[in-house]
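S.K.: A predicted structure for the sequence below; I have some questions about it.
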Amino acid sequence: MGLELLVGFTPGLALPTAGSLPWDKPAAVAWEEHADSLSVIRGGTNLAHPVSSLRWAMFAEDDDESAGSRSWRFVNSAQRAVALPVDWSCVYRTAVEMEADDAAGEPVCVGVVSSATHGSMPALATVADLEMALAAALTCRLVLVREVDGAKGVRSRSPPPLDPSLGLRLEGELRRTRVGASLYADPSVVSLSRDTMPLCWPKAFHFAKMLERGGAEVQQRLGAIPVAWGIETRRWEAQHRHRLVGGLLSGQDVLVVLDESQELGGGATWRLPSRTRRKLAQQAANLLAAVAGSTAAAPDTGEMRREIEIEIEIEMRREPKLISLAREALRKAPTECDELGISEGLRAVLSRAEEARRRQRQQRIEASSRAAS
């Protein structure tokens, strides 16, 4: 059975090409408006827009009644896109080949299931059809659809919960910003929070090529993507959708920035990667050496204790951040502090620093009492 009604295409309507625009905000908006103009079902043609006209996949939370009533911006949203069961490297290679093809802009063929099965948006028949449609979206091509008998469509589901320690790594020295720590993240462990916003696919393709060709230099120039732990989804989440999908396509980790500790729910807290924890512990060890020679091994005599207290008072006045570093190391890198044998010394430093503050408070109270009398 041939398709009698499929998403319309206006003959003669200019379709932007992937190389003709810089894909800034106005260009991305223009691309989305163009996709919108091709999303209405019309008869007489089998040409369709690969993003606004076709349903990529059915998710577990979809039902038959809602399948045909939702906007393409939700059905094929950025959030759903990163959960699609596709080989992103295959999609990218296909798009690169399409872009280099002499027949630039020619529609590509994809299979769909019956248009009656999923409401007004015909669903792509197989994962291979989905990958071809995505490659067409990356290169600003339309698709020529054909109905596949017996096809069930592509099924997908929301990405599963993850261990928060997976997929994050340091490269070189830890980079600190006013937000937190800059790390590299495997884009496959990051979800997108934009559940009603689509991707401008040519823009994601533009970023993929930049990341593949430019490496770390391009990452630093573009800056880090803020990410945070989603307690409900149990995954890292980001809002910068185009660069994240660019990383998925090109197979490149993306530079992200996050707070040095993240609440994970249930009282748990994510800690920085091990290299950073070792660095914190080593800095704390240096503090011990600077303040008291070797506080961790110092004999607990009254004379030695008083000498250490004097040194701590001097250090607190001169550089209070050193005491904060000791506290931070015990909280964020307890295992590494134990490995260096400095945990007991750090606790002693903080205890004696608190005692010094207590004495100072007591002296002020006594001085105030004498003045009052």
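M.R.: Good, I have the coordinates. Remember, it's a predicted structure, so these values are computed and weren't measured experimentally. Numbering: from 1, shown residues only.
S.K.: quick one: list the elements packing against the helix ranked longest in the chain.
M.R.: Among the segments of the chain that qualify as a helix by DSSP state H, the longest is helix 343-372. Contacts defined by 3 or more Cβ pairs under 8 Å, 6 or more residues apart in numbering; DSSP states H and E place helix 343-372 against helix 274-292, helix 302-318, helix 321-332, helix 334-340. Heads up, the C-betas are built off the backbone N, CA and C, glycines and all.
S.K.: lowest average pLDDT across the ones you listed?
M.R.: Of all the helices and strands packed on helix 343-372, mean pLDDT reaches its minimum on helix 302-318 (a mean of 53).
S.K.: and for Gly215, the neighbour number?
M.R.: Counted with other Cβ atoms under 10 Å, the neighbours of Gly215 add up to 11.
S.K.: grab the nearest non-local neighbour of it.
M.R.: Gln252 (7.9 Å; Cβ to Cβ, 6 or more residues apart in numbering).
S.K.: tell me if that neighbour really is in a strand.
M.R.: No. Secondary structure assignment (DSSP: H, G, I helix; E, B strand; the rest coil) places Gln252 in coil, not in a strand.
S.K.: I'd say it and Arg213 touch.
M.R.: No. Gln252 is beyond contact range of Arg213, at 10.0 Å (criterion: Cβ atoms under 8 Å).
S.K.: in terms of neighbours, single out the busier of those two.
M.R.: Set Gln252 next to Arg213 and count neighbours by other Cβ under 10 Å: Gln252 wins out with 23 against 10.
S.K.: ok, now which ones touch the more buried one?
M.R.: Pro187, Ala208, Leu211, Glu212, Gly215, Gly246 (Cβ atoms under 8 Å, 6 or more residues apart in numbering).
S.K.: for the third one, what is the enclosing helix or strand?
M.R.: Take DSSP states H and E as the rule and Leu211 turns out to sit in helix 201-222.
S.K.: what does the last one give?
M.R.: Assignment of secondary structure by DSSP H and E places Gly246 within helix 241-250.
S.K.: all strands of the stretch 101-250 of the chain, in order?
M.R.: 108-112, 143-147, 155-156, 168-169, 175-176, 181-185, 190-192, 225-230, 235-238 (DSSP state E, counting those that start in this stretch).
S.K.: mean pLDDT lowest for which of the ones you listed?
M.R.: Mean pLDDT is lowest for strand 175-176 out of the strands of the stretch 101-250 of the chain, coming in at a mean of 45.
S.K.: related to what we said a few turns ago, ok, and which of the strands of the stretch 101-250 of the chain has the densest surroundings?
M.R.: Mean neighbour count (mean count of other Cβ atoms under 10 Å) peaks for strand 190-192 among those, with a mean of 24.
S.K.: who are the packing partners of that strand?
M.R.: helix 78-81, strand 235-238, helix 241-250.
S.K.: and these: which comes nearest Thr139?
M.R.: Checking the helices and strands packed on strand 190-192 against Thr139 by Cβ to Cβ gives helix 241-250 as the closest, at 12.0 Å.
S.K.: what's the following helix or strand after the closest one?
M.R.: strand 254-258.
S.K.: give me the contact list for that following strand.
M.R.: Outside strand 254-258, the residues touching it (Cβ under 8 Å, 6+ apart) are 168, 177, 179-185, 187, 190, 211, 219-220, 222-229, 236, 238, 243-244, 246-247.
S.K.: and that strand, which strands flank it?
M.R.: Neighbouring strands of strand 254-258 in its sheet, by DSSP bridges, are strand 181-185 (antiparallel), strand 225-230 (parallel).
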